[in-house]
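*Asks:* what would the 3D arrangement of this be:
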Amino acid sequence: MMQDVNPVCYFSMRILCLFSILFLCQALFVCTGCSKLEGFTAIGGGTIIAAEPAVLDGTYWTLFHGLNRDSVSPETGLLKSWTGEGPPLLWKTDKIGNTTYPGYSSVTVANGRVFTAGNVKTGDSDQNADSYVFALDEKTGEEIWRYSNGTAWTDRGHYPGERGTPTIDGDRVYAYSSVGQIACLEAATGKEIWVRNLREEYTVTLPTWAFAESPFIDGNKVILWVGGEKASVVALDKMTGTPIWTTPSTGQRGNYASMTPFDYAGQRIYVNMNQAGVLAVNAETGKKLFDIPHKTEWDVMATTPYFFKMVPSGVASSDALGYLLIVSGYGTGARCYQLNVNGDTITPNLHWSNPQFDNMHGGMVIKDGYAYTATHYYKRQRNWSCINIETGEVVWEDTGVGMGSLTCADGMLFCMSERDATVALVKASPEKYEELGRFELPEGVGMSWAHPVVCNKKLYLRYGNVLYCFDIAER
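*Replies:* Residues are numbered from 1 along each chain as shown. Below you'll find the model as predicted:
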């Protein structure tokens, strides 16, 4: 009984028991090959490490798919379910283009402004149009300014309209038109600072469905993958537009994805897709480092590549290996490459391949070692899918809202159908597809290909010439 035990002995026994439990837990942790390191997520036998994640603020969304290129917003405190009518509508506007199909540009948000792009008629016909950049008031959707960025893409047989999303950098906005003109503007006023027609300067043959790339700002550079006869990649001084370096032509046209930067093997690397696959270049010089063949039907590569590191079981975290995840549609699917280093040489070797995870252009979300997307061509199923990026294993599939685009915030996926603009709220979990509400946008025409954005507790959805802003703050 307790009153018969010496208090000192009892206390000593409790301490000994506590240390025994801690020792056992530590042993179990080591035996499973996992490392207890902040920001790491253990799955399978290794440890996935996000590539130098940027510190994000949920009140800003300055770049297509975000600074970490994973389509994950840092926003929290959001609704975890929707009624049949969807979340409350704050505002909508149909003033982001006036052609029948003005475009598919998404939005960026900063300092009380929302930026997007679309076609505006210069005559009586949709075929006579310019590409316009729009700045809207974040609270009301009212237009603050608009800027003409030259001739628009108006090919009726290949989906007219703007594709790329303006990029915000401090007090400037950078917009790349579907036909290859890059403009640097004052974010506050829309005043032109500098402009260059890269299509003409570098003798560029446009890809079949025009450019869809969004500019990437890295330090003092703005980088674009032009795929011209005189250059394949161009780095311009972001302040003046003056060329800093170019990567010589590879003979491959540019494509539809936006680039990813990462640091690996003692150098900074830029990687993106061209019509034949992957091209990686040195960020300081533009020198080609490696390429990876990745052909698809119609030469469509529109999904941003994703870089991550993985620590194999029993290996020190300092010896993490680099991996590059490449995804495309038309049944080619997903391939993950291990980036092996030998001195200054980087050689990609195939780690796994899965044709079932074949996103066309709706983007993918990368979260906690898993990738989520809408598949395209594989067995003509067009399901929503989740895979383990360490192994390539599909962990669930569901028809969802049909093929479309997505973004992620506060542990939730915001999925939008490309056919009828149905929007679903889905739990971002590898356990199962769990839908927590859906609704349909009432107005819009054509395909709803603009990617959703969550910023400052608002959900932005574009359907043709209509941009919707919903209040998704938790109540």
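
*Asks:* is I346 bridged to anything, and to what?
*Replies:* Taking DSSP bridges as the rule, I346 bridges to V341.

*Asks:* count the residues that sit near it.
*Replies:* By other C-beta atoms under 10 Å, 18 other residues sit near I346. Every C-beta, even on glycine, is put in place using the N, C-alpha and C of the backbone.

*Asks:* excluding its backbone neighbours, what's nearest G444?
*Replies:* Nearest residue to G444 in three dimensions, chain neighbours excluded: Y463, at 2.8 Å (C-beta to C-beta, 6 or more residues apart in numbering).

*Asks:* please apply the same query to N197.
*Replies:* For N197, the nearest residue in space outside its immediate sequence neighbours is Q181; the separation is 4.9 Å by C-beta to C-beta, 6+ apart.

*Asks:* mind checking how far stretch 443-457 is from the chain centre?
*Replies:* A distance of 14 Å separates the C-alpha centroid of stretch 443-457 from that of its chain, computed with C-alpha atoms, centre = their mean, to the nearest Å.

*Asks:* quickly find the element holding T391.
*Replies:* Element membership for T391 (DSSP states H and E) is empty, with no helix or strand holding it.

*Asks:* do the same with M273
*Replies:* Once you assign secondary structure using DSSP H and E, M273 falls within strand 267-274.

*Asks:* and that strand, how far out from the chain middle?
*Replies:* Averaging C-alpha coordinates over strand 267-274 and over its chain gives two centres that are 15 Å apart (C-alpha atoms, centre = their mean).

*Asks:* related to what we said a few turns ago, the residue nearest to G444 contacts P442, correct?
*Replies:* No: using C-beta atoms under 8 Å, Y463 is not in contact with P442, being 9.1 Å away.

*Asks:* who has more neighbours, these two?
*Replies:* Shown here are Y463 and P442; by other C-beta under 10 Å, Y463 has more neighbours (25 against 12).

*Asks:* ok, the more buried one - contacts?
*Replies:* If you count contacts by C-beta atoms under 8 Å, 6 or more residues apart in numbering, Y463 has them with A421, L441, E443, G444, V445, S448, A450.

*Asks:* my guess is the first one contacts V445, does it?
*Replies:* I take that to be A421. No: assessed by C-beta under 8 Å, A421 is found out of contact with V445, at 9.9 Å.

*Asks:* compare these two and say which is more crowded by neighbours.
*Replies:* When neighbours are counted by other C-beta under 10 Å, A421 and V445 differ, and A421 comes out ahead with 26 against 13.

*Asks:* ok, so of the contacts of Y463, who is nearest W153?
*Replies:* Distance to W153 across the contacts of Y463 (C-beta to C-beta) is lowest for A450, with 15.1 Å.

*Asks:* distance-wise, check I193 relative to D169.
*Replies:* If you measure I193 against D169 using C-beta to C-beta, to the nearest Å, the figure is 11 Å.

*Asks:* for D171, give me its contacts.
*Replies:* In this structure, D171 makes contact with E186, A187, A188, judged by C-beta under 8 Å, 6+ apart.

*Asks:* rebuild those as a markdown table, extending it with secondary structure, neighbour count and pLDDT.
*Replies:* Rendered in a markdown table, the data for these read as follows (DSSP: H, G, I helix; E, B strand; the rest coil; neighbours: other C-beta atoms under 10 Å; pLDDT from 0 to 100):
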| residue | secondary structure | neighbour count | pLDDT |
| --- | --- | --- | --- |
| E186 | strand | 15 | 98 |
| A187 | coil | 21 | 98 |
| A188 | coil | 14 | 98 |
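
*Asks:* I figured G369 hits I389, correct?
*Replies:* Yes: counting by C-beta under 8 Å, I389 is a contact partner of G369 at 6.0 Å.

*Asks:* mind checking which helix or strand the most centrally placed residue in the chain is in?
*Replies:* Centroid check for the chain by C-alpha atoms, centre = their mean gives H65 as the closest residue, at 3.1 Å. With secondary structure defined by DSSP H and E, H65 is part of neither a helix nor a strand.

*Asks:* quick check: the gap between the residue nearest to it when sequence neighbours are not counted and E201.
*Replies:* Leaving aside its sequence neighbours, H65 sits nearest to S71 (C-beta to C-beta, 6+ apart; 4.8 Å). From S71 across to E201, the span is 32 Å (C-beta to C-beta).

*Asks:* quick one: the helices in the stretch 1-150 of the chain?
*Replies:* In the stretch 1-150 of the chain, helices defined by DSSP state H, counting those that start in this stretch lie at 7-31, listed in chain order.

*Asks:* okay, now the unreliable bits of it?
*Replies:* Scanning the stretch 1-150 of the chain for pLDDT under 70 picks out 1-47, 50-55.

*Asks:* now do the strands in it.
*Replies:* When assigned using DSSP state E, counting those that start in this stretch, the strands of the stretch 1-150 of the chain occupy the ranges 40-43, 46-50, 72-73, 89-93, 108-110, 113-121, 129-137, 143-151.

*Asks:* most packed of those?
*Replies:* When the strands of the stretch 1-150 of the chain are scored by mean count of other C-beta atoms under 10 Å, the highest mean neighbour count falls to strand 113-121 (a mean of 25).

*Asks:* elements contacting that one?
*Replies:* Contacting strand 113-121 under the criterion 3 or more C-beta pairs under 8 Å, 6 or more residues apart in numbering; DSSP states H and E are the following elements: strand 108-110, strand 129-137, strand 143-151, strand 466-471.

*Asks:* before we move on, the earlier item: ok, the contacts of Y463 vs G219, which is closest?
*Replies:* Of all these, G219 sits closest to A450, with 28.7 Å by C-beta to C-beta.

*Asks:* now do the same contact list for the closest one.
*Replies:* Contacts for A450 (C-beta under 8 Å, 6+ apart) come out as G103, Y104, S105, S106, S405, L461, R462, Y463.

*Asks:* let's see that with 7 Å instead.
*Replies:* With contacts taken as C-beta atoms under 7 Å, 6 or more residues apart in numbering, A450 has the following neighbours: Y104, S105, S106, R462.

*Asks:* so what's it closest to, chain neighbours aside?
*Replies:* Computed as C-beta to C-beta, 6+ apart, the closest residue to A450 that is not its neighbour in sequence is R462, at 3.6 Å.

*Asks:* assign the nearest residue to D70 once chain neighbours are set aside to helix, strand or coil.
*Replies:* The shortest distance from D70 to any non-neighbouring residue, by C-beta to C-beta, 6+ apart, is to I366 (4.1 Å). Secondary structure assignment for I366 (DSSP: H, G, I helix; E, B strand; the rest coil): strand.

*Asks:* right, and I366 touches G66 too?
*Replies:* No: at 10.5 Å, I366 and G66 do not qualify as touching, with contact defined as C-beta atoms under 7 Å.

*Asks:* follow-up on the earlier one: mutual contacts of G369 and I389, please.
*Replies:* Taking C-beta under 7 Å, 6+ apart as the contact rule, the neighbours common to G369 and I389 are I48.

*Asks:* what about the stretch 301-450 of the chain, any weak spots by pLDDT?
*Replies:* If you take pLDDT under 70 as the line, the stretch 301-450 of the chain has these spans: 316-318, 378-381.
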